[in-house]
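Q: turn this into a model:
(one chain, ligands or ions: 1)
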Amino acid sequence: MKKMVKGFLLAVSAAVMCVCASCSADIAETGGAVGGTISRSEKTAVNNTDNWELILVNKDNPLPEGYEIELCELSNGRSVDRRIYPDLQEMFDAARSDGLSIEVTEGYRTREQQQEMMDDKIRELRWHGNSKKKAVKRAAELVAQPGTSEHELGLAVDINPVSDDEDPWPLYTWLADNAADYGFILRYPLDCQDITGIDYEPWHYRYVGKEAADEIMSKGITLEEYLTQK
Ligand SMILES: [Zn+2]
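A: Okay, the predicted model is just below:
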């Protein structure tokens, strides 16, 4: 099914609509745990804003001030930085031709949406009987603090099967094996929480460009480790 997509320009602080009709596709319709031995680095990775593909956003590196994003809005309402769109579409086409059910279930997120996610997670954890202090601590391991989420960058996507009833692991395995060919990396690998600050997320992929993606995924390292090696 061909879906219509519209694009728009958006600044982080103030949304400005504009017309960008160059994005068109059907992305929205749409267990590869990478673990093992990780070489730890003592150095701290820092933001490298010279190359947009390698901008680091994590708990120690918030979104650059005034960061501007030109978005493509997908037919299901999700959005991504339009620069990653062609490779994302190509990856989705390849996954579908391999018989997989695939959809972007989360793309760009505003600061306010990220705050809501954090608040919801804390509420949920408290509802399950955790103290406020424990709920806040655990939520911070599961949800990035507002201003420190890659989803606010527009370069990250959560990718899942179209239906919640489907086993996601064939897709997660396919992504772990193939995403680097399209410039995407598994951003929060298994057993790397001490580096990334985020639990294992087999659905969360980050665009870094094909060269960096190939090195990161073939070595089984994190973006933080890759940047400290540069
Ligand atoms: Zn995500």
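
Q: so what's the gap between stretch 185-205 and the chain middle?
A: 10 Å (CA atoms, centre = their mean, to the nearest Å).

Q: and that stretch, which residues are buried?
A: 185-190, 192, 195-198, 200-205 (16 or more other CB atoms under 10 Å). (C-beta placed from N, C-alpha, C; glycine too.)

Q: is the ion contacted by that stretch?
A: Yes: applying CB under 5 Å from the ion, one finds that stretch 185-205 is in contact with the ion at His204.

Q: now the helices for this structure?
A: 85-97, 111-127, 132-142, 169-178, 193-196, 210-219, 223-229 (DSSP state H).

Q: neighbours around Arg83, how many?
A: When neighbours are counted by other CB atoms under 10 Å, Arg83 registers 16.

Q: pretty sure it contacts Trp52?
A: Yes: the pair Arg83 and Trp52 qualifies as a contact (CB atoms under 8 Å) at a distance of 7.2 Å.

Q: residue nearest the centroid of the chain?
A: The centroid of the chain falls nearest to Ala156 when counting by CA atoms, centre = their mean (2.5 Å).

Q: and this structure, which residues reach the ion?
A: 158, 204.

Q: can you name the residue of the chain nearest to the ion?
A: His204 (3.6 Å; CB to the ion).

Q: sorry, back to before: want to throw the helices of the chain into TSV with distance to Pro62 and mean pLDDT?
A: As requested, these are arranged in TSV below (distance: least, CB to CB, whole Å; pLDDT from 0 to 100):
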stretch	distance to Pro62	mean pLDDT
helix 85-97	25	96
helix 111-127	10	95
helix 132-142	14	93
helix 169-178	27	98
helix 193-196	15	92
helix 210-219	21	97
helix 223-229	15	94
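
Q: include distance to Val57 when you put those helices into a markdown table, please.
A: What follows is the helices of the chain, written out as a markdown table (distance: least, CB to CB, whole Å):
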| stretch | distance to Val57 |
| --- | --- |
| helix 85-97 | 18 |
| helix 111-127 | 11 |
| helix 132-142 | 15 |
| helix 169-178 | 20 |
| helix 193-196 | 11 |
| helix 210-219 | 15 |
| helix 223-229 | 9 |
